[in-house]
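**Q** below are the sequence and a predicted model for it; my questions follow.
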Amino acid sequence: MALPGCDCGTPTTLETMVNPTCLEDIGQIQRGFLVKKGQVIWDTTTPLNNLPVSIASDLITEAAGWATLIALATDDKVVVTPLALAYNSTITGGSALTVGGGDNSTPNGEIQHNGFNPADLVMQFGSMSRAQVKAMRSWGCDDVEFYPINNSGKIIGRLDDSSGSNIVTGFPLINFRLGTKNNAGFGTTDFNEATAQLAFNYDEYLAFYVPTDFSALTIS
């Protein structure tokens, strides 16, 4: 039986899967760029259509656009997280929502699939100052989008090419929160844990961009 959300009314052929020439992994998430939802749009086909207009014609891979966004004092402003404790910064895929299976609650004891929970994002930040804690915690009061930065310095964006254009934004975060500082005493590093959720199918939109004239791991 097809899954919920599938188009079962129109017979279509199976979509061809193109075998990649190299493997694709997110890698270690070491920091991130955040912006208010819907405020920044990169049109990688026609950069002149980028939003806000202050980054029109800039490329997502070049320093100029990001430097402009980071310096803004408007809703288009991009903020940059500190470096994360990468060994505990992870994304856990959303678990399946099911009913039944091996009992009388469904026909023939079949598992009924009702979708997926969102994916869970966790990032830990060590030795944060009180000013950093207050600033990052305030970000949870807005709907924000997130561009992960991995250990190779790649910017990971959400690419939507469904309309024939190549529109890149950050990944919308659900329930972004920064927890309380943890302290384990002598010989340890204090840390705060940031948590959020991503749409279960965020991986259908993953796109990797390699900066050409700056380091995404050090820009501030």
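**A** That came in fine, so what should we check first? Numbers count the residues shown, from 1 in each chain.

**Q** going by C-alpha atoms from here, please, whenever you check contacts or count neighbours.
**A** Will do.

**Q** which residues of the protein fall in helices?
**A** Along the chain, counting by DSSP state H, helices occupy 63-71, 130-139.

**Q** pLDDT score assigned to the spatially most central residue of the chain?
**A** For the chain, the residue sitting closest to the mean C-alpha position, by C-alpha atoms, centre = their mean, is residue 171 at 3.9 Å. Note for residue 171: predicted pLDDT of 98.

**Q** same check, this time on the one 3 residues further on
**A** pLDDT for residue 174: 96.

**Q** tell me the contacts of it?
**A** For residue 174, the contact set (C-alpha atoms under 8 Å, 6 or more residues apart in numbering) comprises 143, 196-198.

**Q** list only buried entries from those.
**A** Using 16 or more other C-alpha atoms under 10 Å as the burial test, the contacts of residue 174 include 196-198 as buried.

**Q** show me which of those residues is closest to residue 184.
**A** Ranked by distance to residue 184 (C-alpha to C-alpha), those are led by residue 196 at 24.0 Å.

**Q** returning to what we had before: need the buried ones among the contacts of residue 174 in a markdown table (columns: distance to residue 113).
**A** Output for those, formatted as a markdown table (distance: C-alpha to C-alpha, whole Å):
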| residue | distance to residue 113 |
| --- | --- |
| 196 | 24 |
| 197 | 21 |
| 198 | 20 |
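
**Q** show me those residues that map onto strands.
**A** Assignment to strands by DSSP state E places the following of those there: 196-198.

**Q** from these, which is closest to residue 158?
**A** Closest to residue 158, out of all of those and judged by C-alpha to C-alpha, is residue 198, at 11.4 Å.

**Q** quick one: contacts for the closest residue in space to the closest one that isn't next to it in sequence?
**A** Spatial nearest neighbour of residue 198, chain neighbours left out: residue 119 (5.0 Å); criterion: C-alpha to C-alpha, 6 or more residues apart in numbering. For residue 119, the contacting residues are 91-95, 197-200, by C-alpha under 8 Å, 6+ apart.

**Q** as CSV, those with pLDDT and distance to residue 215 would be great.
**A** Formatted as CSV, the contacts of residue 119 follow (pLDDT from 0 to 100; distance: C-alpha to C-alpha, whole Å):
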residue, pLDDT, distance to residue 215
91, 97, 23
92, 97, 27
93, 96, 28
94, 95, 31
95, 95, 35
197, 98, 26
198, 98, 25
199, 97, 28
200, 97, 29
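
**Q** need the CA coordinates for stretch 124-136. PDB is fine.
**A** Provided in PDB are the C-alpha atoms of stretch 124-136 (Å, rounded to 0.1, in the frame of the first residue of the first chain):
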ATOM      1  CA  GLN A 124      26.200  21.700  22.100                       C
ATOM      2  CA  PHE A 125      28.200  24.900  22.700                       C
ATOM      3  CA  GLY A 126      31.000  25.000  25.300                       C
ATOM      4  CA  SER A 127      32.000  27.700  27.800                       C
ATOM      5  CA  MET A 128      29.400  30.200  26.600                       C
ATOM      6  CA  SER A 129      29.400  33.700  28.200                       C
ATOM      7  CA  ARG A 130      26.300  35.100  29.700                       C
ATOM      8  CA  ALA A 131      26.000  37.500  26.800                       C
ATOM      9  CA  GLN A 132      26.100  34.700  24.300                       C
ATOM     10  CA  VAL A 133      23.500  32.700  26.200                       C
ATOM     11  CA  LYS A 134      21.100  35.600  26.400                       C
ATOM     12  CA  ALA A 135      21.600  36.400  22.600                       C
ATOM     13  CA  MET A 136      21.100  32.800  21.400                       C
END
